[in-house]
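> following is a predicted model, sequence given first.
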Protein chains: 2
Amino acid sequence: MTKIKNIKERELISLITGILEKNQTHTSEILNKYIGPGKDDCAVIDIDSSKLLVASTDMLHSTTDFPPGMTPQQMGWMSVAVNLSDIAAMGASPIGIMMALGLPPDLDLDFVEALVRGMDKCAGHSGTVIIGGDIDRHDEITISGSALGLVDAEHIVLRKGAQIGDMVCVTGKLGTAGAALDALIHNRSTDRSVLDKFYQPVPRIPEGISLAQTGCLTSMMDISDGLALSLYDIAAVNNIGFHIQANNIPIHNEVRSMAYNEDELFKWSVYTGGDFELLFTIRPGCLEQVENKTTVQYTVIGEVTQKGMTIERHGNVMDMKPHGFTQF
Amino acid sequence: MTKIKNIKERELISLITGILEKNQTHTSEILNKYIGPGKDDCAVIDIDSSKLLVASTDMLHSTTDFPPGMTPQQMGWMSVAVNLSDIAAMGASPIGIMMALGLPPDLDLDFVEALVRGMDKCAGHSGTVIIGGDIDRHDEITISGSALGLVDAEHIVLRKGAQIGDMVCVTGKLGTAGAALDALIHNRSTDRSVLDKFYQPVPRIPEGISLAQTGCLTSMMDISDGLALSLYDIAAVNNIGFHIQANNIPIHNEVRSMAYNEDELFKWSVYTGGDFELLFTIRPGCLEQVENKTTVQYTVIGEVTQKGMTIERHGNVMDMKPHGFTQF
C-alpha cells in the first residue's frame, strides 16, 4: 500500500481536499461562500457581516519546528507567528488566536510559563490576544494554533488573481532562515541577530493590511515554505508563470556575510523555508500608487509571465525548481 | 522544579490563563469583548455583527484519545465531534471546522483517506464542512481541530449564569463511554451499539441551538470530562453548589445490562468522561415553557443549591467528588 512518505506533501494535500470536495457536493451552497480547504493561506467565510472572517491553523512540534537552542519563549512566539502570518497574507486584522498545547508530563512548569509568555508576547505585538486553547498530554511538545481575522470584502487579497504582466514583490528580506538553519546544522558561527530573526519572526500584519488596502494587489501569500515553492503555488492556482530576478532579492547584510559563496545565498533566499515574509503581485502601472498609499518596505523581484518558472542570475536564465520546505 | 505531572489539569489551566490575563491588561478594550481563555467551552468574540462568533480548539492523539479497535474513520469522526460539541454547548450553529493533522510518514494513504472521510462525515452530519487545515509529520497520530460557530447575542448560553433553585438537566444518556472503556480495558464482552456510540458520538448541535433559543437556560456546557467534573466547573464559575439525584440520571438499557452492579453504573455515569452530552440549568418554573418550545430529549437530574456538591442514591446523600477525565 502507498504510504504518506511515498508521495509529496502537495499531493497529500490534493488527496485530502479531493475527498472533501467530492463529499461536499451536497453543501455547495456553503461551499460557494468560502475558499475551500487547501486553496489559500486561510479559509474565508462570509459571516453576513460587512467583513469576511478568515481562519487558519498550523501545527508545530519539537522535532521539525523547534531547532536546538530555541528558548521556550521563542517556541511560544514562533507558534503564534506562523499562524498570524497566514492572517497577514489575506490582508486581514487578527481578532484572536487559539493555542492547543500537547505537553509531556515531565515538562517543568517554568518551561510552560515561558512558552505561554512567548505566545502572548507575539499576539500582543500584532495587536491581538490568545482567546482560548486546549492542553493535552503528549510525548513530544506539540503546538497547534488557530488564528482568526476579519477583512473588508473589498480588500481581501487571495492567492488567486495574479495576471500576466503583474509585478512580483516581497516584504522584508529573504534568506535569513536559510542562513540560520545552515549555521545550526553545520555548527557554523552566526550573527546573533540572524538567529533572533529566525527564532522570532515578526508576522507582517500591518504590512498585509496596508498593502491590501491600496487596492493594487492581485494576489498574496506568505513564503513560509520558501520563495520558489510559494511562487509555484501561486502559478498553479492562476495558471501563469513567473520570471524572477535573483539579483533583486533583498537580503540582510548579516546574512550575506555568513554565506561562503553566491550559490549559498541563492539557496537560502529562493529554496529555503522559514522566512515569514509576504509575496504579492501588483497590477502593472500601479507601483506609484502603492508607493503613495503605503510606507511598507518591499522589493520588486520579478514579473508574472504566461508560463514557465524561470529565474535570472547575472544575465543567465535558469529554470526555478519546486524546492523548499515540505513536511514529507 | 515543579513538573506538569505534579499539578492537576485545572491548576495548569489556571496557571496559563493567569499569565495571559496578567499580560493582557493593555488590551482590556479587546478583553471586554469576549470570554477569556479557560473560562468556557468556547471563546466568544464580538465581531460587530448581529451574531457573536464562538470558537474552540481540541487536540487528540493516539495514546490518550483513540482506544484500540477504533477505525480510522471513527478517529476522524471523533476528532470533529469533540470540537463541535463545544460549539453546541454555546447554543451556536457551526460555520466551519479546521483540522490540523500530525501524521507518521509510514501511515498508509488508505488510512488517511478513511480518517478524512470520517471527519467530513461528522461535519456533514452537523450541517457544516471542513474549511481548512494543516498537515505535519508526527511520530504519533495527532489531530487538532478548531471549530467556529455563530450565535445570536440574545441566545448564547455560557457556563456563567446558573442560580440557586435552577433545575439541572442533561441531554441523551450518560455512562455509555464509561461502559465502553471498561469493556475495552478489561476485555469484557460488550454490546456493539455501546461501542459505536462511544466511538462516534453525535455532537448535540441541533439540541444546543433549540435549547438555547427557548431563552430559559441559565448555563450550559458539554460533559466530555464527565458529569461530576463538569458540575464542579459550573459550580466554580457561579459560586454555587449542586444536589444531584443519581437515580434520575438517564442510562441506556444496553449500558445497564453491561454493569456488574449499581456502583459500576454510578461510576460510569457520574465520574467517567467521554459522553458528549450537554449539561444545562433551567430557570425554576420554566420547565413547561421548555417542553413547549423544543422537542429535545433531556432529563432533570437535580438542582442548583447555595453550596456543596452532593449526590443522592436511594435516599442516601453523599459528597460528589471532582473526579473525571483529566489529561495529567
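Thanks, I have the structure now.
> for A:A123, phi and psi?
When quoted as degrees, to the nearest 10, the phi and psi of A:A123 stand at phi -60, psi -50.
> and A:H243, by the same measure?
phi -120, psi 120.
> from what I can see it touches A:G302, true?
Yes - A:H243 is within contact range of A:G302, at 5.4 Å (criterion: Cβ atoms under 8 Å). In this view, the C-beta of every residue, glycine as well, is placed from N, C-alpha and C.
> so for the two, which residues contact both of them?
Common contact partners of A:H243 and A:G302 (Cβ atoms under 8 Å, 6 or more residues apart in numbering or on different chains): A:I311.
> below-threshold pLDDT in chain A: ranges please.
Within chain A, the segments meeting pLDDT under 70 span A:23-36, A:327-328.
> would you mind listing what in the stretch 101-250 of chain A touches chain B?
Contacts of the stretch 101-250 of chain A with chain B, taken as Cβ under 8 Å from any Cβ of the partner chain, map to A:101-110, A:112-113, A:116-117, A:120-121, A:124, A:127-140, A:142, A:144, A:146, A:148, A:150.
> can you rerun that using 6 Å?
Residues of the stretch 101-250 of chain A lying close to chain B by Cβ under 6 Å from any Cβ of the partner chain are A:102-103, A:105-110, A:116, A:120, A:129-137, A:142, A:144, A:146.
> on that earlier part again, which one's more surrounded, A:H243 and A:G302?
Between A:H243 and A:G302, counted using other Cβ atoms under 10 Å in any protein chain shown, A:G302 has the larger neighbour count: 24 against 17.
> ok and the residue in the stretch 151-300 of chain A nearest chain B?
Nearest residue of the stretch 151-300 of chain A to chain B: A:S224, at 11.2 Å (Cβ to the nearest Cβ).
> that residue should be in a strand, yeah?
No - the assignment for A:S224 (DSSP: H, G, I helix; E, B strand; the rest coil) gives coil, which keeps it out of a strand.
> tally of neighbours for it?
23.
> repeat for A:S257
That count, for A:S257 with other Cβ under 10 Å as the rule, works out to 10.
> cool, and A:G18?
A:G18: 13 surrounding residues under other Cβ under 10 Å.
> what do you get for A:M1?
Using other Cβ under 10 Å, A:M1 has 8 other residues around it.
> ramachandran angles for the residue nearest to it when sequence neighbours are not counted?
Using Cβ to Cβ, 6 or more residues apart in numbering or on different chains and skipping the chain neighbours, the partner closest in space to A:M1 is B:D108 (4.5 Å). The phi and psi torsions at B:D108 (degrees, to the nearest 10) take the values phi -70, psi 140.
> shouldn't A:I45 be in contact with A:K51?
No - A:I45 lies out of contact with A:K51 (Cβ atoms under 6 Å); the separation is 10.4 Å.
> hmm, back to that, list only buried entries from the residues of the stretch 101-250 of chain A next to chain B.
Among these, those classed as buried by 16 or more other Cβ atoms under 10 Å in any protein chain shown are A:102-103, A:107, A:109, A:116, A:120, A:129-137, A:142, A:144, A:146.
> do I have it right that A:I131 meets B:A43?
Yes - counting by Cβ under 6 Å, B:A43 is a contact partner of A:I131 at 3.8 Å.
> A:L60 belongs to a strand?
Yes - A:L60: assigned to a strand according to three-state DSSP.
> surely A:A183 forms part of a helix?
Yes - per three-state DSSP, A:A183 lies within a helix segment.
> from A:I223, how far out is the nearest residue to it once chain neighbours are set aside?
In space, and not counting its chain neighbours, A:A183 is closest to A:T190: 3.7 Å by Cβ to Cβ, 6+ apart. Distance of A:T190 to A:I223, computed by Cβ to Cβ, to the nearest Å: 21 Å.
> related to what we said a few turns ago, how about the residue of the stretch 151-300 of chain A closest to chain B, phi and psi?
Main-chain torsions, A:S224, degrees, to the nearest 10: phi -60, psi -30.
> repeat for the one 4 residues further on
Dihedral angles of A:A228 (phi, psi; degrees, to the nearest 10) stand at phi -60, psi -50.
> contact partners for it?
By Cβ atoms under 6 Å, 6 or more residues apart in numbering or on different chains, the contact list for A:A228 reads A:V270, A:Y271, A:M320, A:H323, A:G324.
> tell me the SS of the first one?
Just to be clear, that refers to A:V270. Of the three states, A:V270 takes helix under three-state DSSP.
> pretty sure it contacts A:L227?
Yes - here A:V270 reaches A:L227: they are 5.1 Å apart, a contact under Cβ under 6 Å.
> excluding its backbone neighbours, what's nearest A:M99?
A:G133 (4.2 Å).
> residues in contact with that neighbour?
For A:G133, the contact set (Cβ under 6 Å, 6+ apart) comprises A:M98, A:M99, A:A100, B:P37.
> so what touches the helix or strand harbouring the second one?
For A:M99, the enclosing helix or strand under DSSP states H and E is strand A:93-103. When contacts are taken as Cβ under 6 Å, 6+ apart, the neighbours of strand A:93-103 outside the stretch itself are A:80, A:83-84, A:87, A:119, A:123, A:126, A:128, A:130-136, A:138, A:142-150, A:209, B:4, B:45, B:57, B:59, B:144.
> what about the strands in chain A?
Remark: strands assigned in chain A by DSSP state E are A:43-46, A:51-61, A:93-103, A:130-137, A:142-152, A:167-171, A:217-222, A:241-245, A:278-282, A:298-305, A:309-313, A:316-319.
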